[in-house]
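dropping a prediction and its sequence here:
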Amino acid sequence: MRKYINKFLLMMLVVASVACSEDTLTNLPTDSVAPDNALSSPENMIAALNGVHRAMYSQSDLEDYNYAGESYIMPMLEFSAGDILHSGSGNGWFRNNLKWLSHTNPNGADLSWVWFHYYHIIGNVNNIINAAEGMTPSATLSNVLGQAYAYRAWAHHRLVCLFGKNYIHGTPSTDLGVPVMLKTDPAKLEGQKRETVENVYVQIEKDLQASLAHFATADDANNKSHISINVAQGIAARVSLTKGDYVAAANYAKAARTGFNLMNEADYKLGFNSVNLSEVMWGAEIVDSQTNYFYAWFYYQGTNFNGSQNRSNPKFINHNLFAKISDTDYRKDMWLEKAPNDFLGWEKDPNYATEAEFNAAFAKLVKDYNMTNSFYTNAYMSVKFLNKDGGTINPDDIFYMRASEMYLIEAEALARQAGKEAEAKEVINELVTARTRVGQTPVAITSVGEALIQDILTQRRIELWGEGHRWLDMLRLDLALDLTGSGASSTLYQKGFNQAKPSVNNNWLYQIPQEEIDANSEMVKNPTAEL
């Protein structure tokens, strides 16, 4: 990581350029926190943390990259995993992700961006953690450290999930994970070796415990862009689930969702574009001056964002998954099964007998979802993610964690414990009931054993569709990829159409970036496999 050490150590310069107010995350003057004082007090550290919050979604300040944090990575993780599918090549972005050519190529920009993005965040929060040593304890300092330790745990977890073998299906005591970065001294950063998966998880859990301990005496988070104690518990729930510690996963998830109400049908259908919705636990509140334009989350995912990636390439749901959604479930309205297929034209679209019917359906869709006539439409297309100002490139908020995910983690973790099935069904059916159309009877989950776990996992796929979870779920569940019957084009997806499960297939491993291998004599490559 030699190339980026200076950027880690000069975080205060980044803070100066992206500093945001604690309450609204709007821009402050670039000289609002002097570099020499950036980490001199808890109050100034809050401004430094706001720079980290913005790095989560904004266009990168790292040289050689134009990507925009999780705004890019979350769609990238979904697009290779088979539930959110592409209609066509669009403008070419993500085409190699579909073909499984990006994360398997050590020279690829997508892959190296993931590596350096997460280590950039780790380096920034390390500066905060290490600068806090010896400071007088206070509620503000506890808030700062609670967030910083949670960020460090979260980023290391993302890295070890992607670049290492899964904890449950691998051999964590010997499998290579990623370097654990704790220092800001250049001598301690250069040439750092990969720790075992087990050792990475030990540090992650140590950081999460430190985070929760600091939050116990912290003042409250002032914005959902900030990490709160609930979010730290949510991160701990994710880590525990990935590790197979189901008792801890259920307990953390239940605590994390406390105080957050599930959305009703009206709110669910607003477009997933505001962190002010009741069940959003963690997300980025985007103001007009902070837009990423064509690097925004909604540029990749939003149905009605006026950009070439989605305008000519509407994303649609895997047909096999759509068939599993009950007619009483209002989430089924998030995908338009009979949307007119512009790629086929009315003559070949089986849902329309005449050109007039086809054109009328297209006109209604354009009107209902604030699109323009330049947008393509396609059967099963998504209308889950909608810009408030459809047909524009105005910015909207991004979600990182919702309470519904915590219900799903809790239910799955309970179902995997002996004697906990009744509790698991109570939790999952609370979510099922919340997602039932008004006036309809919920289709309650009554299954047992492995069938119950699979029913919960199906609910997870439906609920969290497109939100950045599916690739990581396939890793921890050791699932093969098979797009037969999904509606995906084998020509478009090529080697990403079928892949054997991760435990027997090294293609699921993200390769270590070649520039990291070249710069670090201690770095070891990941094994590869024939695609």
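Yes, it's here.

which residues are in contact with Asn273?
Asn273 makes contact with 298, 385-388, 396-397, according to Cβ atoms under 8 Å, 6 or more residues apart in numbering. C-beta: built from backbone N, CA, C; applies to glycine.

who wins for neighbours among those?
Phe298 (29 neighbours; other Cβ atoms under 10 Å).

not counting sequence-adjacent ones, nearest residue to that one?
Excluding the flanking residues, the one nearest Phe298 by Cβ to Cβ, 6 or more residues apart in numbering is Phe305, at 4.3 Å.

remind me which helix or strand the one you found belongs to.
Under DSSP states H and E, no helix or strand contains Phe305.

and the strands in the stretch 351-500 of the chain?
Listed in chain order, the strands found in the stretch 351-500 of the chain under DSSP state E, counting those that start in this stretch are 381-382, 398-402, 481-482, 498-499.

Asn306 is in contact with Asn370, correct?
No: counting by Cβ atoms under 8 Å, Asn370 does not reach Asn306; the two are 9.9 Å apart.

what touches both of those two?
Any residue near both Asn370 and Asn306 by Cβ under 8 Å, 6+ apart counts here, and that gives Gly391.

okay, those two: which has more neighbours?
Counted by other Cβ under 10 Å, Asn370 and Asn306 do not tie: Asn306 has more neighbours, with 22 against 17.

picking up where we left off before, could the strands of the stretch 351-500 of the chain go into JSON lines alongside distance to Ala210 and mean neighbour count?
Listed next are the strands of the stretch 351-500 of the chain as JSON lines, based on distance: least, Cβ to Cβ, whole Å; neighbours: other Cβ atoms under 10 Å:
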{"stretch": "strand 381-382", "distance to Ala210": "39", "mean neighbour count": "24"}
{"stretch": "strand 398-402", "distance to Ala210": "20", "mean neighbour count": "25"}
{"stretch": "strand 481-482", "distance to Ala210": "37", "mean neighbour count": "18"}
{"stretch": "strand 498-499", "distance to Ala210": "38", "mean neighbour count": "18"}
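
spit out the contact partners of Gln440.
Per Cβ under 8 Å, 6+ apart, neighbours of Gln440: Thr328.

circling back: of all the strands of the stretch 351-500 of the chain, which one is nearest Gly164?
Nearest of the strands of the stretch 351-500 of the chain to Gly164, taken as Cβ to Cβ: strand 498-499 at 18.0 Å.

can you pull out the helices in the stretch 401-531 of the chain?
Taking DSSP state H, counting those that start in this stretch, the helices of the stretch 401-531 of the chain run over residues 403-415, 421-434, 449-463, 470-477, 490-493, 514-519.

what are the buried residues along the second one?
The neighbour-count criterion (16 or more other Cβ atoms under 10 Å) identifies 421, 423-425, 427-429, 431-432, 434 as the buried residues of helix 421-434.

about what we covered before: now the helices of the stretch 401-531 of the chain as JSON lines including mean pLDDT and distance to Tyr57?
Conversion of the helices of the stretch 401-531 of the chain to JSON lines gives the following (pLDDT from 0 to 100; distance: least, Cβ to Cβ, whole Å):
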{"stretch": "helix 403-415", "mean pLDDT": "98", "distance to Tyr57": "19"}
{"stretch": "helix 421-434", "mean pLDDT": "98", "distance to Tyr57": "27"}
{"stretch": "helix 449-463", "mean pLDDT": "98", "distance to Tyr57": "22"}
{"stretch": "helix 470-477", "mean pLDDT": "98", "distance to Tyr57": "19"}
{"stretch": "helix 490-493", "mean pLDDT": "96", "distance to Tyr57": "28"}
{"stretch": "helix 514-519", "mean pLDDT": "94", "distance to Tyr57": "24"}
